[in-house]
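J.: quick one, what's the 3D model for this:
(one chain, ligands or ions: 1)
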Amino acid sequence: DSNPLKRAADRISEALRPATGPEDGVPGKPGPESPPVDEPTSPRGPLPPKSDQTGPKPVSPTGQSTRLEHAQVAQGGDRLTDAQGTRLPDSDHSLKAGARGPVLLRDHHLREKVMHFDHERIPERVVHARGAAAHGVFRGYGTASGISRAAFLGKDVETPVFVRFSTVLGSRGSADTVRDTRGFATKFYTSEGVFDLVGNNMPVFFIQDAIKFPDVIHAGKPHPDREIPQAQSAHDTFWDFVTLHTEATHHTLWNMSDRGIPRSYRMMEGFGVHTFRLVDAEGGTTLVKFHWKPRLGAHSLVWEEAQLLGGVDPDFHRRDLADAIEAGAYPRWELGIQTFPDTPEQTFEGIDLLDSTNLVPEELAPVQPIGLLTLDANPSNYFAETEQVAFHVGHLVPGIDLTDDPLLAGRLFSYLDTQISRLGGPNFPQLPINRPHSPVNDMLRDGMHQTAVHRGVAPYRPNSLDGGCPFLSGAEEGGYVEAPVRVEAARKVREAPESFADHFSQPRRFWLSMSPVEREHIIGAYTFELGKCYEQAVRERALRVLVTVDAELGAQVAAGLGLPVPDPIADVPEVSPSPALSQVGGDWPVDGRVVGVVTDGTGGLDDVRAVRQAVLEAGMVPLVIAPTGGRLGSGEDALTVQRTYVTARSVEFDAVLVAGTPGTGDDAGGARDAKAAAGRGGTTDPRVGLLLAEAYRHGKALGGWAGADAALTAAGVPTDAPGVVLGPDGPGTLRDVVTLLGTHRVWSRFEATA
Ligand code: HDD
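T.: Below is the predicted model:
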């Protein structure tokens, strides 16, 4: 070859050729690259299911299961093929005219592979884009059977479910722990069709009429010019909207409370928000509000934790849910209902049940348990299941009906409509995750992405050509018959009823129901969010709203902003608190709580081993934190290090234990374990110091033994402070720490104690 540039390039590639590469000219393995040394050399079957993915596999009469099998259906056999099933000899090299020649247009595999990749993403949900989901089962208690004929509410009836949790404002890749409302959407695959309960972790909504939904979302989403801020309500347009529409005050107050930053999806309440109508076997009706009550209690992060997690682990909630299920700590919620007589007024104790900015205090209408939800399996494929699941408030089964809540009415349009652009056509109910488990026999035909092969010639009714099939069902044959509720003749108007005009007594009740520490958090949240607004008019209007809710709330936030306290907008009627709204108090199971154990790994490993075992036996997750990765000790008893001083951050742990301390002069009993924790020369390693100081500041339980007090003291943690346990040994310390974890946080460590 006379081209000097080409000769030089050839020499370079010759020099880079691996010594152990395959022979040139082997069919299907051309070129100078060698396969990675650990590439398998013979085919094998698909990976076995994970431990949490075994168990009964429900089979849908309509075809594929909604659970598990579809992953295998999509990938049969052990040979790579193209989408048409033709086996492929190579997937790493385009077809070329010579190794250094042009790529040929006829290379179907190249074009198919890149074409498919180009279209891998679908539009994210316009709201609730960021989510995580799990499979599970719902077992009815039968306690609702007297007021609802829904078969799945029957005693011991088990129904497969898929639950998706979400944030509202952020994009698909946004952080889990931002301050926001959380979605809590449940798909029940009942024997009578799919029922979707599409709720949130807050019982009230920003607006009373669905026609304002585009407005409130436009206000909350990033500004249209720079597309910032992402997944935040702390900006002018959000506060502009919620202060101009004072009906948003109640929901906004919930968002500014600890409910806006949950500790875990497993530790959130859920609410159907609207009032629904249950229908019994005789056609009798009862108004209800749905509640999900978590077995682990409702708990939250503190604001600094939430912010740190946004950077340290943006997937915190997603990871927490999946890890807990994989570990067998299955999250559970009880489904409950508040019931109200279905009177023409549709009010209860003066509260308008059609106004979704209202809640009904549990003290006035207790939540009665009607069934148990257990989440016991993670999705096999995020896209196929979590991304493609399509919920809709209009997916109802006999026994569950709607009310005339104007917020609900608009939703009945929106959820069906949005799937057309999100999932690309009207056949989204045929996607495996959306398929009912009951027989489907509709007369919907054709359309984009039609996967059914419909039989017969007469998709219309009545017909005489397909034997008159399919037949209709009255209520006695399980048909969905809308409750024949009377609709009063009235003028067509664009108005809200007078009863929708009180925007302040419900927020005031929420504020009065909070404990001192929760109020302190709310004040902090408003001060932060309004402090991030640039518009003076918006801040001043927000303060007027806040003083109307409560003088002290308004005054404290005004002080934080450095603004004068304005006059209230209106006089607020007297309301009594609802203690059930406070999250502080109670003693809760500690399942799946994460306990960090700090050790330098040079001695006293027996205690670390024992405490690790005790944490596991208590149903919690122990994570051993050491200066570097690898294993501590040797032989069968060696301990695996899960976090290093570099990868550990306090926000990941519910409690932190320090195994021993320097200075006691021998290797026994954990004496040297915290040497590295306290650092060479007796100073605490700054990363361990930060870990302990943060955990302390966030009200977390701290423990230690064998003189761990030195490391704690060096981190600025007073060893006689509440919730700091210095025990005789690992397991002894842990016992007290478990008791502290039952209350979620050491509340008395906050200035405004509970
Ligand atoms: Fe909505 C998604 C909850 C009012 C329009 N909504 C969506 C999701 C949840 C809620 C949990 C995510 C479902 C999933 O995981 O796929 N939405 C609520 C609650 C509301 C509410 C509790 C009030 C009580 N929503 C609401 C209104 C409208 C919408 C008033 C429109 C007028 N919501 C939608 C939507 C979404 C949605 C645009 C986006 C993706 C989807 O539906 O499937 O249609």
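J.: can you name the residue of the stretch 551-700 of the chain nearest the ligand?
T.: Closest residue of the stretch 551-700 of the chain to the ligand, CB to the nearest ligand atom: residue 581 (17.8 Å). No exception for glycine: its C-beta is placed from N, CA and C like everyone else's.
J.: show me what residue of this protein gets nearest to the ligand.
T.: For the chain, CB to the nearest ligand atom, closest residue to the ligand: residue 183, 2.7 Å.
J.: does the nearest residue to that residue once chain neighbours are set aside lie in a helix or a strand, and which?
T.: Leaving aside its sequence neighbours, residue 183 sits nearest to residue 166 (CB to CB, 6 or more residues apart in numbering; 3.7 Å). For residue 166, the host element (DSSP states H and E) is strand 158-167.
J.: which secondary structure elements does that strand sit against?
T.: In terms of contact count using 3 or more CB pairs under 8 Å, 6 or more residues apart in numbering; DSSP states H and E, strand 158-167 is assigned the packing partners strand 131-140, strand 182-190, strand 368-377.
J.: let's see 6 Å
T.: Applying 3 or more CB pairs under 6 Å, 6 or more residues apart in numbering; DSSP states H and E, we find strand 158-167 packed against strand 131-140, strand 182-190.
J.: still on that earlier bit, got a list of what the residue of the chain closest to the ligand touches?
T.: By CB atoms under 6 Å, 6 or more residues apart in numbering, residue 183 lies in contact with 128, 166, 200.
J.: export those residues to JSON lines and tack on pLDDT, neighbour count and distance to the ligand?
T.: Converted to JSON lines, those look like this (pLDDT from 0 to 100; neighbours: other CB atoms under 10 Å; distance: CB to the nearest ligand atom, whole Å):
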{"residue": "128", "pLDDT": "98", "neighbour count": "22", "distance to the ligand": "3"}
{"residue": "166", "pLDDT": "98", "neighbour count": "25", "distance to the ligand": "5"}
{"residue": "200", "pLDDT": "98", "neighbour count": "24", "distance to the ligand": "4"}
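J.: show me what the residue of the chain closest to the ligand is bridged to.
T.: Beta bridges link residue 183 to residue 166, residue 200, judged by DSSP bridges.
J.: in this structure, which segments are predicted with low confidence?
T.: Within the chain, the ranges that satisfy pLDDT under 70 run 1-37, 44-75, 602-603, 661-683, 754.
J.: just want the most central residue of it.
T.: Taking CA atoms, centre = their mean, the centroid of the chain lies closest to residue 165, which sits 3.6 Å from it.
J.: phi, psi for the residue nearest to that one when sequence neighbours are not counted please.
T.: In space, and not counting its chain neighbours, residue 165 is closest to residue 265: 4.3 Å by CB to CB, 6+ apart. The phi/psi pair for residue 265 (degrees, to the nearest 10) reads phi -60, psi -30.
J.: ok, now which ones touch residue 265?
T.: Residue 265 is in contact with 165, 317, 321, counting by CB under 6 Å, 6+ apart.
J.: now render the residues you listed as TSV, adding distance to the ligand.
T.: TSV is the format used below for the contacts of residue 265 (distance: CB to the nearest ligand atom, whole Å):
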residue	distance to the ligand
165	8
317	14
321	13
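J.: from those, pick the one nearest residue 82.
T.: For these, the minimum distance to residue 82 (CB to CB) is 36.0 Å, reached by residue 321.
J.: tell me the SS of that closest one?
T.: For residue 321, the secondary structure call by DSSP: H, G, I helix; E, B strand; the rest coil comes out as helix.
J.: that one contacts residue 132, correct?
T.: Yes: Residue 321 is in contact with residue 132 according to CB atoms under 6 Å; the separation is 5.4 Å.
J.: contacting residues for residue 169?
T.: Residue 169 makes contact with 180, 220, 231, according to CB under 6 Å, 6+ apart.
J.: doesn't it belong to a strand?
T.: No: the assignment for residue 169, made by three-state DSSP, is coil rather than a strand.
J.: for it, give me phi and psi.
T.: Per degrees, to the nearest 10, the backbone of residue 169 is at phi -80, psi -30.
J.: ok so residue 291 is a strand residue?
T.: Yes: the assignment for residue 291 by three-state DSSP puts it in a strand.
J.: quick check: the gap between it and residue 241.
T.: 28 Å (CB to CB, to the nearest Å).
J.: check residue 408 too.
T.: 21 Å.
J.: host element of residue 462?
T.: Using DSSP H and E, no helix or strand contains residue 462.
J.: number of nearby residues for the closest residue to it other than its chain neighbours?
T.: Closest residue to residue 462 apart from its sequence neighbours, by CB to CB, 6+ apart: residue 468 at 6.4 Å. Residue 468 is flanked by 11 other residues according to other CB atoms under 10 Å.
J.: secondary structure class for residue 468?
T.: On the basis of three-state DSSP, residue 468 is classed as coil.
J.: tell me which parts of the stretch 601-750 of the chain are close to the ligand?
T.: Residues of the stretch 601-750 of the chain that fall close to the ligand, judged by CB under 6 Å from any ligand atom: none.
J.: what about the helices in the stretch 601-750 of the chain?
T.: All helices of the stretch 601-750 of the chain, identified by DSSP state H, counting those that start in this stretch, fall at 605-617, 675-678, 686-697, 709-714, 730-741.
J.: which parts of the first one are buried?
T.: Of the residues in helix 605-617, those buried under the neighbour-count criterion (16 or more other CB atoms under 10 Å) are 605, 607, 608, 609, 611, 612, 614, 615.
J.: just the angle for that helix relative to helix 730-741, thanks.
T.: Helix 605-617 and helix 730-741 meet at an angle of 40 degrees, taking axes from the mean of the first three to the mean of the last three CA atoms, to 10 degrees as the criterion.
J.: in PDB, list the C-alpha atoms belonging to helix 605-617.
T.: In PDB, the C-alpha atoms belonging to helix 605-617 read as follows (Å, rounded to 0.1, in the frame of the first residue of the first chain):
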ATOM      1  CA  LEU A 605     -15.400  -8.900  65.300                       C
ATOM      2  CA  ASP A 606     -17.400 -11.400  67.400                       C
ATOM      3  CA  ASP A 607     -19.500  -8.500  68.700                       C
ATOM      4  CA  VAL A 608     -20.000  -7.200  65.200                       C
ATOM      5  CA  ARG A 609     -21.000 -10.600  64.000                       C
ATOM      6  CA  ALA A 610     -23.400 -11.000  66.900                       C
ATOM      7  CA  VAL A 611     -25.000  -7.600  66.500                       C
ATOM      8  CA  ARG A 612     -25.400  -8.300  62.700                       C
ATOM      9  CA  GLN A 613     -27.200 -11.500  63.500                       C
ATOM     10  CA  ALA A 614     -29.400  -9.800  66.100                       C
ATOM     11  CA  VAL A 615     -30.400  -7.100  63.500                       C
ATOM     12  CA  LEU A 616     -31.300  -9.800  61.000                       C
ATOM     13  CA  GLU A 617     -33.400 -11.700  63.600                       C
END
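J.: using TSV, lay out the helices and strands packed on strand 158-167 together with distance to residue 382.
T.: Converted to TSV, the helices and strands packed on strand 158-167 look like this (distance: least, CB to CB, whole Å):
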stretch	distance to residue 382
strand 131-140	8
strand 182-190	16
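J.: identify whichever of those lies nearest to residue 619.
T.: strand 131-140 (18.3 Å).
J.: now residue 744, nearest residue through space, not along the chain?
T.: Nearest residue to residue 744, sequence neighbours excluded (CB to CB, 6+ apart): residue 299, at 4.5 Å.
J.: thought the one you found was touching residue 263?
T.: Yes: with contacts counted by CB under 6 Å, residue 299 reaches residue 263, the gap being 4.3 Å.
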